[in-house]
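> could you look at this predicted model? Sequence included:
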Amino acid sequence: MNSVTRVSPIAASGEIDLFKVFRTIWRRRWIILAMGAVCAVAGAAIAYNITPVYEASTRLTPVALNQLDALNRTKIYSLPPGEALKRVGATLDSYNARLDFFRSRPDLIDAFQNEGQTVEQSFEDFNRDALSVVLADPKKGDLLSDFVGLKMRYEKGMNGAAILNDFVDYAIERERSQLSSDMQVILANRLAEVDKQLGSAVSEYQAGNESRIARLEEADAIRRAQLNDELKALRVQLRLRREARLAELDEAISVARSLGLNKPSTPSLMADEGSVNGNIIRTEVNGRPVPLYFMGTEVLEAERAALRKRTSDDFIEPRIGQIRKELILLSTNRKVEAIKARASEEAFLEGVEALRVERARLQAIDTQLQGLQLVNIDQRAVPSSKPVRPRKALIVLVALLGGLVLGTALALLRGAFKDYARQLRVLEIDGSAQRIMPEELAGQSPVRLGETHA
C-alpha cells in the first residue's frame, strides 16, 4: 500500500522531469542518430539531384565627362554622365527591351520555352526569374556611389555570361540609336526653324526690294511728269512769245511803211535827211531804246516771215535741252535694273550672318553618334564556377538537423508510450493487491510482497 501511494502523485502531476527526458534521449540516441543520418542522406540526394543554377553579374558606371563633351557641345542635346547611366539602366529594366532581346535570341527561347508555351509566356519566366537589376544604395556607403548592376541566373549548359554581356551591349546600342533618333528630330526642327527665319529674312528683303523699286519708279514717274509739265509750259511760253513778237513786228512794219523806212535807220540819220530837204526834225536824246520800226520794213518783214515759218521754238530756250536730257536719263533707272538683275538675293541680305553660321553648324553635326560611349562597363560578366543554388551543404545540414529533431521527437514519444504502459501495469497490480484479504496478506512474507510489487 505504501508503494502505491508514492506512484500515484507523480503520475497525476503535470510537471516535466528533465532528467527523465535526458535519460530517455540518451537511451534512444541510436534511433535519433539513425533518423538524422537517414534525413541527411535524403537531403544530400535531393541536393545533388537539383539542377544547378549559376549567376553572372555585370556593373555599369558613369563615363568620364569628356566622353560626352562632343554631344553636349552641339548645344541641341545635353546629357550628363549620370543621366546617361540612368537611361541605360532604364533600358536594361525595360520590359519591351528585354522582350525584343529575348525574341532576337533563339537559344534563349529554346532554353526557357516549355512545351505548349508561347514566346511571351516563356519570356515571363526569363524576365521574372533570370534577370534582376541592382542599383547603388547610398546607405551602404559604397565607394561607387552611382552604378547600375545586372544579374542573370542560368542553368548549367547555358552560356549566361555571354548572354548577359550581349544584353548589356544590346541595351547600350538601343539607347544610342534612340538618342540618335532624338537628335535627328531635334536637329531637323532646329534646321527648319533656321530655314524659316532665313525664309522670313528673304521675304522681308524681297518685300523691301519691291518697296524700294516702287519708290524709285514712283520718284522717276513724278520727275518725268514734272519735266513734261515744265517742257509743255516752256513751249507754250515760247509760242506766246513768238506770237507777241509777230504782233510787234506787224505794228513796227506798219509804222515803218508810214515813215517810208525800208532800210534800217536811226533817229539822228532821219534828222540829217530832213535838214537837207529843208525839213527840220527835232529829236530828243534820251536813254530809251530805238523803236523797232527804225529797222525798216525789209528787215522787219524778213524777220516776220522767218517767225511765221518756224515750227518749233525749242532751240531758243536752253532749259528745254536740259529737260530732254533729264527725260532721257529717267527713261531707264539703273538702280532698279541692278536690283532686278541680282542672281542671288541671299547674298544681299543683311543681319542674317548669324543664321547662316548657325545653319552651317547644325548641318555639320553628326547625328549617327557612332563610337559614342554612354556608360563605362566597369565589370563584364564572366562564367561562374560555383552554382548559387542548390547550396548542398546547407541542404544536408538542414536535413540532418531536421532528422535529429524528428528522431528526438520519436524517442521522446516512444519513451512516453512505454512510461504510460508501465504506469498502467502498476495500476493494475495495485488494484489486484487491494482485493487480497487481510488474512492472506498476513500470511505472506515481505519479500514476496516486494517481488509482486516489482
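The structure has been received and is ready for your questions.
> where in the stretch 51-200 of the chain is pLDDT low?
137-145 (pLDDT under 70).
> residues touching stretch 299-311, excluding its own?
Under the criterion CB atoms under 8 Å, 6 or more residues apart in numbering, residues Arg242, Arg245, Leu246, Leu249, Asp250, Ala252, Ile253, Ala256, Pro264, Leu292, Tyr293 lie in contact with stretch 299-311. Any C-beta I mention is one placed from the backbone N, CA and C, and that applies to glycine too.
> ok, now which ones touch the last one?
If you count contacts by CB under 8 Å, 6+ apart, Tyr293 has them with Ala252, Ile253, Val255, Ala256, Leu259, Leu261, Leu300.
> state the helix or strand in which the last one lies.
Think Leu300. helix 296-309 (DSSP states H and E).
> next, the buried residues of that helix.
Gly296, Thr297, Val299, Leu300, Glu301, Glu303, Arg304 (16 or more other CB atoms under 10 Å).
> kindly report the same for stretch 389-408.
Quick answer for stretch 389-408 (16+ other CB under 10 Å): Pro390, Lys392, Ile395, Val396, Ala399, Leu400, Gly402, Gly403, Leu404, Gly407, Thr408.
> which of the residues you listed fall in helices?
Within the buried residues of stretch 389-408, residues falling in helices by DSSP state H are Lys392, Ile395, Val396, Ala399, Leu400, Gly402, Gly403, Leu404, Gly407, Thr408.
> can you redo those as a markdown table with distance to Ala45?
Converted to a markdown table, these look like this (distance: CB to CB, whole Å):
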| residue | distance to Ala45 |
| --- | --- |
| Lys392 | 11 |
| Ile395 | 10 |
| Val396 | 10 |
| Ala399 | 9 |
| Leu400 | 13 |
| Gly402 | 14 |
| Gly403 | 13 |
| Leu404 | 18 |
| Gly407 | 18 |
| Thr408 | 23 |
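> so which elements touch the helix or strand where Arg359 lies?
Counting by DSSP H and E, the element that carries Arg359 is helix 353-363. Where contact means 3 or more CB pairs under 8 Å, 6 or more residues apart in numbering; DSSP states H and E, helix 353-363 is packed against helix 160-259.
> the residue nearest to Arg87 when sequence neighbours are not counted: neighbour count?
Leaving aside its sequence neighbours, Arg87 sits nearest to Glu175 (CB to CB, 6 or more residues apart in numbering; 5.5 Å). Using other CB atoms under 10 Å, Glu175 is surrounded by 21 other residues.
> just Asp313 next, same as before
A total of 18 residues lie near Asp313 under the criterion other CB under 10 Å.
> that one contacts Leu240, doesn't it?
No: using CB atoms under 8 Å, Asp313 makes no contact with Leu240, being 9.7 Å away.
> residue contacts, the residue nearest to Arg87?
Glu175 neighbours (CB under 8 Å, 6+ apart): Arg87, Val88, Thr91, Leu374.
> quick one: which of those residues is most hemmed in?
In terms of neighbours by other CB under 10 Å, those top out with Leu374 at 25 neighbours.
> residues near the closest residue to it other than its chain neighbours, how many?
Nearest non-adjacent residue to Leu374, counting by CB to CB, 6+ apart: Ala84, 4.6 Å away. Using other CB under 10 Å, Ala84 has 25 other residues around it.
> show me the contacts for Ala84.
Taking CB under 8 Å, 6+ apart, one finds Pro62, Val63, Leu68, Leu374, Val375 in contact with Ala84.
> now swap in Ala225 and tell me
By CB under 8 Å, 6+ apart, Ala225 has no neighbours at all.
> surely Gly296 is in contact with Lys263?
Yes: because the distance of 4.4 Å satisfies CB under 8 Å, Gly296 is recorded as touching Lys263.
> if we can go back for a sec, same list (the contacts of Tyr293) but as JSON lines, adding pLDDT and distance to Gly36.
Listed next are the contacts of Tyr293 as JSON lines, based on pLDDT from 0 to 100; distance: CB to CB, whole Å:
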{"residue": "Ala252", "pLDDT": "90", "distance to Gly36": "167"}
{"residue": "Ile253", "pLDDT": "91", "distance to Gly36": "169"}
{"residue": "Val255", "pLDDT": "90", "distance to Gly36": "172"}
{"residue": "Ala256", "pLDDT": "89", "distance to Gly36": "173"}
{"residue": "Leu259", "pLDDT": "87", "distance to Gly36": "178"}
{"residue": "Leu261", "pLDDT": "86", "distance to Gly36": "176"}
{"residue": "Leu300", "pLDDT": "89", "distance to Gly36": "167"}
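> now do the SS call for the closest residue to Leu68 other than its chain neighbours.
Using CB to CB, 6+ apart and skipping the chain neighbours, the partner closest in space to Leu68 is Leu79 (5.6 Å). Here Leu79 is recorded as coil under DSSP: H, G, I helix; E, B strand; the rest coil.
> was I right about Leu79 contacting Asn72?
Yes: using CB under 8 Å, Leu79 is in contact with Asn72, at 6.5 Å.
> which of these two has more neighbours?
Set side by side, Leu79 and Asn72 show more neighbours around Leu79, with 16 against 13, by other CB under 10 Å.
> give me phi/psi at the more buried one?
Main-chain dihedrals, Leu79, degrees, to the nearest 10: phi -140, psi 100.
> all set now, cheers.
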